[in-house]
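A.B. asks: Okay, here's the prediction I keep looking at, along with the sequence it came from:
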Amino acid sequence: MKNLFTLLLTLWASLASAQVTFRITAVPANTPANAVIYMAGSFNNWNPASSAHALSYNSADGSYELTLPTGTGTIEYKFTRGSWAAVETNASNGQVPNRRFTFGSSSGPVLHQVLNWEDLAGGTPGGQSTANANVRIISTSFQMPQLNRSRRVWIYLPTNYAGSTRRYPVLYLQDGQNVFDNLTAFAGEWGVDEALAQLQASGQDPTGCIVVAVDNGGASRLDEYSPWNNPQYGGGQGEQYVNFLVQTLKPYIDQNYRTLTGREHTGIAGSSMGALIATYAALRYPAVFSKVGVFSPAFWFANTQLHQYLRQNPANPNTRFYFVAGTNESATMVPHMRAVRDSLARQGVPATNLSFTTHADGQHAEWYWRREFPAAYQWLYAAAPTASARPQLPGTLLYPNPAAETLRVQLPAATATAELQLRDALGRVVLRRQVQAQEAVDVRGLPSGIYISRLSSAGFISTSKFIKE
């Protein structure tokens, strides 16, 4: 009996100490900078300004969170800024039904996004869309087989698209809700459609560009925007998400729209977690993406794993990276961003392909990224040299080419060794080793196909195509 009592007491103590965290991952752009957000519900007599239930602000990612002791049954709640006159509302400033949570249904953070505040009437007055006439929704439920989900996908076509037969470069953007339309934006829109239309009209961008924007998954946003798991916040589905972009979405876009399909015409960008997944996408698929817009990157989410991946998967030296952030966004924002830039430079990405900009007034907010987008776009899509990062290693040769079993390397007389890398059609490194002149390299284990070889030694580099029979 004593042992049973002890067991019950231990179980009760365990339940009493358990906690549930509620997190707001996005708020409207017009939320005051010093706003205090409260959680009001059935657990505190619907007090809209209970100091015990004020959410703490995380400047690193702009989120708010509150941890409650676990309970039993189901609670109902809403978020306010201290009064019922400042309660959360939906995208058209209408009433939001009470949120509900059942204890025991989830052990992880309960994620939310606030679309509007009643007193600020956020979004577009009258609920009118602000999207340019050239913006359309491809599908509200575009299938993502890699994740067994569906998602809304948007597309912007250049102003001269309908009246021409030409093909256009493409930019893939994350957090599609915030890209074109204030009516759907969780925290203000980027105004990408207006920016590109204005650049075309003024003659600053005579080429034009197709922009494809994919909505984030709400509660699954952090999971999809990082290939690595953060024990506190989640993640781990980023590889599948990027595979969706490359293996499912891009082929659909290239088949149904007049695109320039090559890597030299294809870019990817995002902000915060979207910048993390854009950076990863360029490293995982260097044969697909050549332009990367990195706005206020949340590298802190998986900093160690990202740098390890960088070491194992060097960037294509002809990839352009545009880094931009505010110096006061967080203590680690700029240092982490600089460390990634420096790692890319050490791997051979030339300074001409690395743009690094910081602003004292920059904030982790859509208005800031909207302001910085035109400059980033113009730099990324400007005509850029396609030469390798370092001088070409003269007199190098892979032979026989094609080869079925053995590949040999010819090096200049003055070069004793070089590093050989082979990347497959998806940009993955499938072979890496130090080689000497005339050394035989066993390639029998490689599947038949086309590979890109990279030989580097003493500040020189040589790239070529290799065919495995």
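C.D. replies: Yep, that arrived.

A.B. asks: which residues in this structure form helices?
C.D. replies: 2-17, 192-201, 221-224, 238-243, 250-256, 273-284, 303-312, 333-346, 366-381 (DSSP state H).

A.B. asks: Just say which of the ones you listed is most tucked in.
C.D. replies: Using mean count of other C-beta atoms under 10 Å, the stretch among these with the greatest mean number of neighbours is helix 273-284 (a mean of 26). From N, CA and C alone the C-beta is placed, and that goes for glycine too.

A.B. asks: Residue 453 versus the nearest residue to residue 108 once chain neighbours are set aside, what's the distance?
C.D. replies: Among residues not flanking residue 108 along the chain, residue 234 sits closest, at 6.7 Å (C-beta to C-beta, 6 or more residues apart in numbering). Shown here: residue 234 relative to residue 453, a distance of 38 Å by C-beta to C-beta, to the nearest Å.

A.B. asks: Then residue 249?
C.D. replies: 29 Å.

A.B. asks: ok, back up a step: in terms of contact, does the residue nearest to residue 108 touch residue 110 like I think?
C.D. replies: No - using C-beta atoms under 8 Å, residue 234 is not in contact with residue 110, being 11.9 Å away.

A.B. asks: count of neighbours near the closest residue to residue 128 other than its chain neighbours?
C.D. replies: Spatial nearest neighbour of residue 128, excluding adjacent residues (C-beta to C-beta, 6+ apart): residue 183 at 7.0 Å. A count of nearby residues for residue 183, using other C-beta atoms under 10 Å, gives 18.

A.B. asks: pLDDT value on residue 183, please?
C.D. replies: Looking at residue 183, its pLDDT is 83.

A.B. asks: Can you pull out the low-pLDDT segments for the stretch 351-469 of the chain?
C.D. replies: Applying pLDDT under 70 to the stretch 351-469 of the chain flags residues 383-397, 413-414, 425-427, 458-460.

A.B. asks: same check, this time on the stretch 151-300 of the chain
C.D. replies: Filtered on pLDDT under 70, the stretch 151-300 of the chain yields the residue ranges 186-187.

A.B. asks: distance of residue 438 from residue 432?
C.D. replies: In terms of C-beta to C-beta, residue 438 sits 19 Å off from residue 432.

A.B. asks: more neighbours, those two?
C.D. replies: A count of neighbours by other C-beta under 10 Å puts residue 432 above the other of residue 438 and residue 432, at 13 against 10.

A.B. asks: you'd agree the more buried one is up against residue 421?
C.D. replies: Yes - Residue 432 lies in contact with residue 421 (C-beta under 8 Å); the separation is 5.0 Å.

A.B. asks: which residue sits closest to the spatially most central residue of the chain, ignoring its sequence neighbours?
C.D. replies: In the chain, the residue lying closest to the centroid (C-alpha atoms, centre = their mean) is residue 274, at 2.4 Å. Nearest non-adjacent residue to residue 274, counting by C-beta to C-beta, 6+ apart: residue 174, 3.3 Å away.

A.B. asks: you'd agree residue 29 is up against residue 366?
C.D. replies: Yes - using C-beta under 8 Å, residue 29 is in contact with residue 366, at 5.3 Å.

A.B. asks: Residue 169: what's it in contact with?
C.D. replies: Residues in contact with residue 169, defined by C-beta atoms under 8 Å, 6 or more residues apart in numbering, are 207, 209-210, 259-260, 265-267, 381.

A.B. asks: any idea which of the residues you listed is closest to residue 57?
C.D. replies: Using C-beta to C-beta, residue 267 comes nearest to residue 57 of the contacts of residue 169, at 32.5 Å.
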